[in-house]
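Undergrad: After the sequence you'll find the predicted model.
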There are 2 protein chains.
Amino acid sequence: MSKVTLKVIAKTLGISTSTVSKALKNYSDINEETKTKVQELAKKLNYTPNSFAVSLRMKESKTIGVIIPTMVHHFFSNVIEGILKEAERNNYMIFLMQSNEDFELEKKQIDLLLSKGVDGVIMSLSNKTRDFSHLQKVIDSNVPLILFDKIAKTINCSKVLIDDRKAAYDAVTHLINKGYKRIAHFRGDLNPQNSIDRFLGYKKALLDHNIEFDPTLVYICDNNSDFSDGFNSAEKLINDHGKNVDGLFTVNDLIAIGALDYFNKNNIKVPEQIAIFGFSNWFMTKITNPSLSSIDQNALKMGEKSTEILIKEIDYKHKGIAYEYQKIILDTELIIRNSC
Amino acid sequence: MSKVTLKVIAKTLGISTSTVSKALKNYSDINEETKTKVQELAKKLNYTPNSFAVSLRMKESKTIGVIIPTMVHHFFSNVIEGILKEAERNNYMIFLMQSNEDFELEKKQIDLLLSKGVDGVIMSLSNKTRDFSHLQKVIDSNVPLILFDKIAKTINCSKVLIDDRKAAYDAVTHLINKGYKRIAHFRGDLNPQNSIDRFLGYKKALLDHNIEFDPTLVYICDNNSDFSDGFNSAEKLINDHGKNVDGLFTVNDLIAIGALDYFNKNNIKVPEQIAIFGFSNWFMTKITNPSLSSIDQNALKMGEKSTEILIKEIDYKHKGIAYEYQKIILDTELIIRNSC
DNA sequence: TTGTATGCGTTATCAC
DNA sequence: GTGATAACGCATACAA
């Protein structure tokens, strides 16, 4: 941090710090001559305002806190990229934290962010989070909060998400229209809302098309950061149902790829014997054998949009303008490839 | 940020703010009774120190700035995870920025971090960075700087990296020992040091084993965030050399997978007709067909180690202890799978 | 053992 | 137009 302060400039110019401060901000009641004099010297000395002093005085830090469950994940790294880009455009900096799917850590991180005086918080909840008092605390501290993807329905704040239920419904409907009838589902954890919604979309698509819902075709993959779960579930699926299954819809692409690996290694033809539909449109899906149909959920845009509305709320709050919380549902897109 | 200040506590207790300040810090010259009184009230009121005031006063922010070229990348997201974890352990927060392989942006971000008063900076350079004056600026500002992976040789600061040259040498030697003789190399951008070093390791392995270095077997893949570059280069390779090539060492796994995709789609058997060795040990390499041999570069540890030595340097600086810059070379490991 | 005074660097109010 | 002064919240040297 620069050692050049207003005082230094004032002293070398023989004027007061308040004049310097105003001159640098182009206040109308300052003589043009002094203005240029001050601004030139400031530039020459490479003056930058001390951000702690500014924040202390102004009660805003131009800083946003972000908490995500896991860093190493194509979806989240894309969201982060979107957040960083939008923040950059608006001159905000990002404090990044990873809750590591740990509720206690998530709580602690909220406190840390609040104590650091962030102007707002963007977060996606850990799979284990069932109690939301820490979120309420953010709101009660009068700090704007945006939830994305893994949200808490009961918390009153702006949210950015996709319609998981509809996306799943569309994917499964596609499978059905292609003639598949015994469609399995590898779902995620029982707790997170989007894992629930994808399951519900799957189920509804079956029922709407007069296909019996068979609970034995649903498998839980609770570790969604690895494909081994998909591989193992595929093995179980075939052991349990043999050829009496012809389709598979998975909660994410990683699991789909794990399952595909199992099928490939066991000479089960995809999509001839079993069709697969993934979720997230991870870039790897283009290159699997066969390439994998999936659902694009536009993670980048989710990050950008979350940041955009957060900054708007910060701005409104600052100006004392009232605003309503938004619930933004981003479009998803079926990407049909060769796996179904 | 909490509205409870030292002043509030002092006033309700009828004592001075300085006594409160000291009591909360367990100063030895404060009466035990007042101490507990103060601490209890502070707890009850949920007092948290105003971090701007503390930073302004103490000239340290418990904050680290991190700049990486791209967010959506398995290597970097793993590094970030390591940084976040180590920072968490030491009560530091991370400002994350993405230079997006843009030199001008990288420069600007340095200024932003410096103006935010970070206690230290960790970064990996953009591929386009050839001028390092912005790094020197960090050092001149007396802010500890750690470079990792994409470093500047000429800048005098601590560095954390792997021995790219040796790793590449080992991988290519493995191919040679397996009997492959016409080994191609898909290298990265011409500028970054690690792309150069991997190329040099490749070349040296050939020469040390009496295999002629054939420059026409070297292809440049300058977009290392996608596998299409690998696919296209593989196509060129086969067009140019037909069956007169039996091995391939790539600068990273993404490119290896792109190449593998081309071979698979064109019925070129791996490793029978051509063997492949990747770089980075991305988790996808386990699951390709065939699985891909690669080099593990322990990204997580690179993040942790960078943070660890940065925090040590911050600490030393703060205490006025002299320290020497370190150059830490992390171990790499050949992971042999079915592609060679 | 406690309180007073000062300063960190900035902005804002109000005299002059 | 300009400058003195106070305040943001905290830490600390020094006085009491």
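TA: The structure has been received and is ready for your questions. Numbers count the residues shown, from 1 in each chain, chains lettered A, B, ... in the order given.
Undergrad: Now do the contacts for the spatially closest residue to A:Ile110 that is not a sequence neighbour.
TA: Excluding its sequence neighbours, the residue lying closest to A:Ile110 (Cβ to Cβ, 6 or more residues apart in numbering or on different chains) is A:His134, at 4.6 Å. All C-beta spots, glycine's among them, are computed from the backbone N, C-alpha and C. Shown in contact with A:His134 (Cβ atoms under 8 Å, 6 or more residues apart in numbering or on different chains): A:Glu106, A:Lys107, A:Ile110, A:Asp111.
Undergrad: With A:Ile287 instead?
TA: Contacts of A:Ile287 (Cβ under 8 Å, 6+ apart): B:Phe227, B:Ile257, B:Gly258, B:Asp261.
Undergrad: filter those down to the ones close to chain A.
TA: Residues of the contacts of A:Ile287 in contact with chain A (Cβ under 8 Å from any Cβ of the partner chain): B:Phe227, B:Ile257, B:Gly258, B:Asp261.
Undergrad: what's the burial count for the closest residue to the first one other than its chain neighbours?
TA: Excluding its sequence neighbours, the residue lying closest to B:Phe227 (Cβ to Cβ, 6+ apart) is B:Gly258, at 3.0 Å. For B:Gly258, the number of neighbouring residues by other Cβ atoms under 10 Å in any protein chain shown comes to 24.
Undergrad: distance between the helix or strand where B:Gly258 lies and the chain's centre?
TA: With secondary structure defined by DSSP states H and E, B:Gly258 is part of helix B:253-265. Chain-centre distance of helix B:253-265: 25 Å, with Cα atoms, centre = their mean, to the nearest Å.
Undergrad: returning to what we had before: compare the contacts of A:Ile287 and tell me which is most surrounded.
TA: Neighbour counts for the contacts of A:Ile287 peak at B:Phe227, which has 26 neighbours (criterion: other Cβ under 10 Å).
Undergrad: ok, it touching B:Tyr262?
TA: No - at 9.5 Å, B:Phe227 does not count as touching B:Tyr262 under the criterion of Cβ atoms under 8 Å.
Undergrad: all strands of chain A, in order?
TA: A:63-68, A:93-98, A:120-123, A:145-148, A:158-162, A:183-187, A:218-220, A:247-250, A:275-277, A:294-296, A:327-330, A:333-335 (DSSP state E).
Undergrad: so what does the second one touch, helix or strand wise?
TA: Strand A:93-98 sits against strand A:63-68, helix A:74-89, helix A:103-115, helix B:74-89, strand B:93-98, with contacts defined as 3 or more Cβ pairs under 8 Å, 6 or more residues apart in numbering or on different chains; DSSP states H and E.
Undergrad: Can you name every helix or strand that the third one contacts?
TA: For helix A:103-115, the elements it packs on are strand A:63-68, strand A:93-98, helix A:133-140, judged by 3+ Cβ pairs under 8 Å, 6+ apart.
Undergrad: check whether that helix contacts DNA strand D.
TA: No - Helix A:103-115 lies apart from DNA strand D when judged by Cβ under 7 Å from any atom of the strand; the minimum separation is 9.9 Å.
Undergrad: what's near enough to touch A:Phe132?
TA: A:Ala152, A:Thr154, A:Ile155 are the contacts of A:Phe132 under Cβ under 8 Å, 6+ apart.
Undergrad: For the nearest residue to the second one once chain neighbours are set aside, give its distance to DNA strand D.
TA: Closest residue to A:Thr154 in three dimensions, ignoring its sequence neighbours and counting by Cβ to Cβ, 6+ apart: A:Phe132, at 6.5 Å. Relative to DNA strand D, A:Phe132 is positioned 27 Å away (criterion: Cβ to the nearest atom of the strand, to the nearest Å).
Undergrad: Then A:Val138?
TA: Going from A:Val138 to DNA strand D by Cβ to the nearest atom of the strand gives 19 Å.
Undergrad: Would you check that that residue makes contact with A:Asp111?
TA: No - taking contacts as Cβ under 8 Å, A:Val138 lies outside contact range of A:Asp111: 9.9 Å.
Undergrad: quick one: which of those two has more around it?
TA: Neighbours were counted for A:Val138 and for A:Asp111 using other Cβ under 10 Å; A:Val138 has more, 22 against 14.
Undergrad: Contact partners for the closest residue to the more buried one other than its chain neighbours?
TA: Sequence neighbours aside, A:Leu145 is the residue nearest to A:Val138 in space, at 4.7 Å (criterion: Cβ to Cβ, 6+ apart). By Cβ under 8 Å, 6+ apart, the residues touching A:Leu145 are A:Gly120, A:Val121, A:Ile122, A:Met123, A:Leu135, A:Val138, A:Ile139, A:Ile155, A:Cys157, A:Ser158.
Undergrad: The last one contacts A:Tyr316, correct?
TA: No - shown here, A:Ser158 and A:Tyr316 do not form a contact pair, counting by Cβ under 8 Å, at 11.4 Å.
Undergrad: out of the contacts of A:Ile287, which one sits closest to A:Val172?
TA: B:Asp261 (28.2 Å; Cβ to Cβ).
Undergrad: Distance-wise, check the nearest residue to that closest one once chain neighbours are set aside relative to A:His174.
TA: Excluding its sequence neighbours, the residue lying closest to B:Asp261 (Cβ to Cβ, 6+ apart) is A:Ile287, at 5.0 Å. Noted for A:Ile287: a distance of 21 Å to A:His174, by Cβ to Cβ, to the nearest Å.
Undergrad: Please apply the same query to A:Glu106.
TA: A:Glu106 sits 36 Å away from A:His174, going by Cβ to Cβ.
Undergrad: Those two: which is more packed in?
TA: Remark: of A:Glu106 and A:His174, A:Glu106 carries more neighbours, 23 against 20, as counted by other Cβ under 10 Å.
Undergrad: doesn't A:Ser99 make contact with that one?
TA: Yes - using Cβ under 8 Å, A:Glu106 and A:Ser99 qualify as a contacting pair, with a distance of 3.9 Å.
Undergrad: Name the residues contacting each of those two.
TA: When Cβ under 8 Å, 6+ apart defines a contact, the residues bordering A:Glu106 and A:Ser99 alike are A:Ile67, A:Ser126.
Undergrad: Report pLDDT for the residue of the stretch 101-250 of chain A at minimum distance from DNA strand C.
TA: Closest to DNA strand C within the stretch 101-250 of chain A is A:Gly117: 13.7 Å, counting by Cβ to the nearest atom of the strand. Predicted confidence (pLDDT) for A:Gly117: 96.
Undergrad: How about A:Lys3?
TA: 84.
Undergrad: Distance check, it against DNA strand D.
TA: From A:Lys3 to DNA strand D the distance is 17 Å (Cβ to the nearest atom of the strand).
Undergrad: And for A:Met71?
TA: From A:Met71 to DNA strand D the distance is 31 Å (Cβ to the nearest atom of the strand).
Undergrad: cool, A:Lys128 as well?
TA: A:Lys128 is 32 Å from DNA strand D, by Cβ to the nearest atom of the strand.
Undergrad: Tell me which residues touch the closest residue to that residue other than its chain neighbours, please.
TA: What sits nearest to A:Lys128 in space, not counting adjacent residues and going by Cβ to Cβ, 6+ apart, is A:Phe103, at 4.6 Å. A:Phe103 sits next to A:Ser126, A:Lys128, A:Thr129, A:Arg130, A:Asp131 when contact means Cβ under 8 Å, 6+ apart.
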